[in-house]
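1. fold the following, please.
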Amino acid sequence: MKAGSEMSWKPGRTMKVAGELYNAGHITYIRTDSTRTNAGARDEVKSFISQTWGEDHLGKGVVGPDVKGDTANVQDAHEAIRPTRPAAQNIEGLSAEQARLYRLVWARFAGSQMSPSQYERLSMSASATGFEKTFNSTASWRVHKGWEAAFEGIRKEPAIAPPSFNASVGESLELDSTDSESNNPELIEDETKPPARYKQHSIVQKMKSEGIGRPSTYAATITKLLKRKYVVEENGSLVPADSGRTLWLEVAPFYDRKDHGIEGHLFGTDFTAEMESNLDEIEIGNSAAPQVWHTFAEHFQGLHLAALEQKKLKPTPKQLDYFARLISHLPEDEVNRFTGGNPLKR
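-> Below you'll find the predicted structure:
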């Protein structure tokens, strides 16, 4: 889902265009999160890298976690998404969207076989007459492209030369004019901001890190959340809607049994990840589907029956409204005696 962070694409759009590229034979199977790649394809792209940018741009090659033996959360029947013709940096005849996504897929694959980029960095501390605080700053510039060469035209190019002013120790510099036309920095007091809301691509990254969902279900899951109005999209961010808050704050707690460990958290990511793992075990033949289903059904029935019993202890909105009407004529101190001084939550 790098199309989200690189190009601000939503998962649905990414999967649609990726499907078009796959059906046209330009990239490999898209519903996978494996990091394995074909050795022949790696050799082919390495040859292209060497001829295009030189031997010094070749790296050791990235080995993913599933290659190292950690196969958790990986649909391993297919290799990682890569171009079917590794030496083809661009493909003719594609639409603008297809060309952008293909270029990103190619850059990711080529970059994985390239050397690290290298930067030089300068740290500076300075003081100004009449100002009590010390100014601290850094400047960096690239001295070797490495894997970033594959992303030319996709990412903004960094600085490639050191600062033009004399940055020697003890050097005095003249400040720019303070007139309105000069490009002077402003002193702005800022406060730490709360974490940003999830966007579609960042929630996919979170789902993947938690082990819930698979490449074939990420986009569909988000679509369902939006369709059922559990969340709404505001300025590209996913915001909980009233029905979503009700589900999470009023319904989910009925199925939260802390004394049952992971299995007691039906709406928890740990439980969902465990179920996904069980399904993977069925797929590769390590578990029997009937037994997994029986275990889940028995567990869910227990949680559901317990939730129904717990729900009986909580009055319904209609019951609360009726009770409110009954006590509406009473003095305030009498109302507080019945409610404990707490407002009635409908």
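2. how far is the helix or strand hosting residue 48 from where the chain is centred?
-> In this structure, residue 48 is located in helix 39-53 according to DSSP states H and E. The gap between where helix 39-53 is centred and where its chain is centred comes out at 30 Å by Cα atoms, centre = their mean, to the nearest Å.
3. likewise stretch 33-49?
-> With Cα atoms, centre = their mean as the basis, the mean position of stretch 33-49 lies at 25 Å from the chain mean.
4. pLDDT of it, averaged?
-> Stretch 33-49 shows a mean pLDDT of 92 in the predicted model.
5. scan this structure for its longest helix.
-> As far as residue count goes, and with DSSP state H defining each element, the longest helix of the chain is helix 289-312.
6. what's that helix packed up against?
-> Helices and strands touching helix 289-312, by 3 or more Cβ pairs under 8 Å, 6 or more residues apart in numbering; DSSP states H and E, are helix 269-283. All C-beta spots, glycine's among them, are computed from the backbone N, C-alpha and C.
7. which residues touch stretch 117-133?
-> Surrounding stretch 117-133, the residues in contact under the criterion Cβ atoms under 8 Å, 6 or more residues apart in numbering are 134-148, 158, 162-163, 167, 173, 175.
8. and the residues you listed, which are buried?
-> Neighbour-count burial (16 or more other Cβ atoms under 10 Å) is assigned, among the contacts of stretch 117-133, to 142, 145, 146, 147, 148.
9. need these in CSV (columns: distance to residue 32).
-> Formatted as CSV, the buried ones among the contacts of stretch 117-133 follow (distance: Cβ to Cβ, whole Å):
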residue, distance to residue 32
142, 33
145, 29
146, 27
147, 22
148, 26
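10. keep only those of these that are in helices.
-> Using DSSP H, no member of the buried ones among the contacts of stretch 117-133 sits in helices.
11. hang on, the earlier thing: chain center to the helix or strand following the longest helix of the chain, what's the gap?
-> Past helix 289-312, heading to the C-terminal end, the next element that is a helix or strand (DSSP H and E) is helix 317-327. Here the centre of helix 317-327 is set off from its chain's centre by 45 Å, with Cα atoms, centre = their mean.
12. and helix 317-327, average pLDDT?
-> Per-residue pLDDT over helix 317-327 has a mean of 78.
13. report the backbone C-alpha coordinates of that helix in PDB.
-> In PDB, the C-alpha atoms belonging to helix 317-327 read as follows (Å, rounded to 0.1, in the frame of the first residue of the first chain):
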ATOM      1  CA  PRO A 317     -33.300   3.700  26.100                       C
ATOM      2  CA  LYS A 318     -37.100   3.200  26.300                       C
ATOM      3  CA  GLN A 319     -36.900   2.100  29.900                       C
ATOM      4  CA  LEU A 320     -34.700   5.100  30.700                       C
ATOM      5  CA  ASP A 321     -37.100   7.500  29.000                       C
ATOM      6  CA  TYR A 322     -40.000   6.000  31.000                       C
ATOM      7  CA  PHE A 323     -38.100   6.300  34.300                       C
ATOM      8  CA  ALA A 324     -37.200   9.900  33.500                       C
ATOM      9  CA  ARG A 325     -40.900  10.700  33.000                       C
ATOM     10  CA  LEU A 326     -41.800   9.000  36.300                       C
ATOM     11  CA  ILE A 327     -39.400  11.100  38.300                       C
END
